Every structure is written in C-alpha cells, then in structure tokens.
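In: give me the fold of what follows.
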Amino acid sequence: MAIYAVGDIQGCLQPLKHLLKRVQFNPDRDTLWSVGDIVNRGPKCLKTLRFLYDMRDNLVMVLGNHDLHLLAVAAGVRAPSPSDTLGKILAAPDRDKLLNWLTHRPLLHYEHGYTMVHAGIPPQWSVEDAMHRAWEVEAVLQSPDCITFLAAMYGNEPAVWSDELQGMERLRVITNYLTRMRYCTKKGVLDLLSKGPIPNPRPEGDSKKVSPWFSHKKRKTAGDKIIFGHWASIEGVTDSPNTIGLDTGCVWGGAMTLYNLDTGERTSCACKNGRCRA
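Out: Predicted coordinates:
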C-alpha cells in the first residue's frame, strides 16, 4: 500500500494518468492525495473532475483557489475569467453531483504525520490552529450560507489574521492563507500580489519584509511535514526539508509531479499543452 501526493493538475488529465501508470498505482491498495486546483486553465477539466470523482474512495483532496473559483462561477456569484476553461463542467449533465462532491472537500488534511494544504500555513498558526480555521470555512461551504461565502471570499483584505475577526472577513483571510498565500511577513501579513520566485519591490515607504511563508524560521510549523502546491514559479523548490512543494507548473509547460509519502521519491513528467512531452 502506497500513498502518492500529486501537484496542481488543473485539467491536465493525461499527465496524471501517465504518472499513475509509471508508479503502478493500484486503486485496490494505493491512495492518491491531491493538493487541489484540479481544474481550470488546462484542456480536460470535466474529464479530470469525473476521473477523480470516480476514484473518490482512494482519493484525499484539499480545495485550491481554482476549485473554489469554479464553485463561485457555478453559483452565479462570479463571472468567468477570460482564461477559465470551466465551460464543459458548467454545461455537464452531472455538474450538480460533481460540484456537490467538490463542496464537501476539506481545505486541510492531516494524516500519517503529514499536513496537506493547497497554499500554506501562516507563521503564527500551528497545524492545529490551521485545522480549526479550515473547519470554519468547510462548515460554511456545506451550509445554506455557501453562496454568500463564495460571493464574499474574493479580495486581499484583511491582510493579516486577528482572533477578533468575525463573519466574512474572518473567513476570507482564512481562505487566503490556505489557498492563495505565497509571501508574507514573519507576523503573517500577506503579500498576495507577488507570485514569482522573488517578491515584487515594496511600495515606497513600506518597510515590511516579506518572505515565502515556509522561510520564516520561527514559524510554528517549522517542525511539521507540509505538502502544498499553488506556487508553480518555484518549481517545487523550498528551503526547508519539511515543506514539500508539488506544483511544478504542468499547465504552464513545466511538469507534473507525484511524491511518494513513504519513500520521499518524486516522479515527474515534462508537460506541454496539458500532455506529457514524451
């Protein structure tokens, strides 16, 4: 029995199938973990969603920002972006079944000594803190307030957590940490504009130093094994052996990567146009 974690799929189904075949994935005994962003920007979003739904008994998945965006567009509270490739899902006869299943996926998963999250955990939170905050968002997603939350989740403020936050502002910053974060200060102030391997220049007069969330030496999760995706531009490279980045940019012409939780081995295939190059 083996557990494999896969980076952002984003509708690139052929590379996923190729990698599962390479590692001789057996659904009768093996389990696949997904860091989320299973759809959008790639060519086979509906087929990817159906494929993962069909293997749901052997799948652990956390929600990414693109998965949440799909739910918001489907709910009619967000217009599709020009670069979205979600149309076939929205028009599918089984869309309600698929989207209901997606709504019930968690934002964080802890098992076997690993924590899996789409983007990361801010320096001021422990894994237990993050787990409890994720439950808050999950509870709303699975409640009659789901559409209200999906309409209100967009935005970059508040930029930092406070125990005093309430309502949609509280839920928005939790969601931004877990599904959108790349850079932040040591106190967890988010920089959601920087997406590359180095942060954008700070505005004049802004002395706050931002670093990758996993680079803060005093973060509470420094001793925890964390699997994450979301950040294609760093190509899976981190400065911490406990933080395992798996978004290697398949949909952007990079690669798709599987990680064996038992051995630490990575298996990748180079990608182009949503398919393996070889």
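
In: can you pull the contacts of Pro15?
Out: Residues near Pro15 by C-beta atoms under 8 Å, 6 or more residues apart in numbering: 9, 250, 256, 269, 271, 274-276. Where C-beta positions appear, they are placed from N, C-alpha and C, glycine not excepted.

In: I should have written His69 there, sorry.
Out: Each residue near His69 by C-beta under 8 Å, 6+ apart is listed here: 40, 78, 81, 84.

In: buried ones among the residues you listed?
Out: Buried residues within those, counting neighbours by 16 or more other C-beta atoms under 10 Å: 40, 78, 84.

In: about what we covered before: greatest separation within the contacts of His69: which pair is it?
Out: Pairwise distances across the contacts of His69 peak at 12.4 Å for Asn40 and Arg78 (criterion: C-beta to C-beta).

In: where do the helices sit along the stretch 151-278 of the chain?
Out: For the stretch 151-278 of the chain, the helices defined by DSSP state H, counting those that start in this stretch occupy 167-179.

In: quick check, Asp129 in a helix?
Out: Yes. Counting by DSSP: H, G, I helix; E, B strand; the rest coil, Asp129 is part of a helix.

In: touching, it and Lys220? I think so.
Out: Yes. If you go by C-beta atoms under 8 Å, Asp129 and Lys220 touch, sitting 7.4 Å apart.

In: quick revisit: of the contacts of Pro15, buried ones?
Out: Using 16+ other C-beta under 10 Å, the buried ones in the contacts of Pro15 are 9, 250, 256, 269, 271, 274-276.

In: quick one, what contacts Leu178?
Out: 107-108, 117-121, 130, 133-134, 137.

In: just the closest of these to Ile227, please.
Out: Of the contacts of Leu178, the one sitting nearest to Ile227 (C-beta to C-beta) turns out to be Val117, at 7.6 Å.
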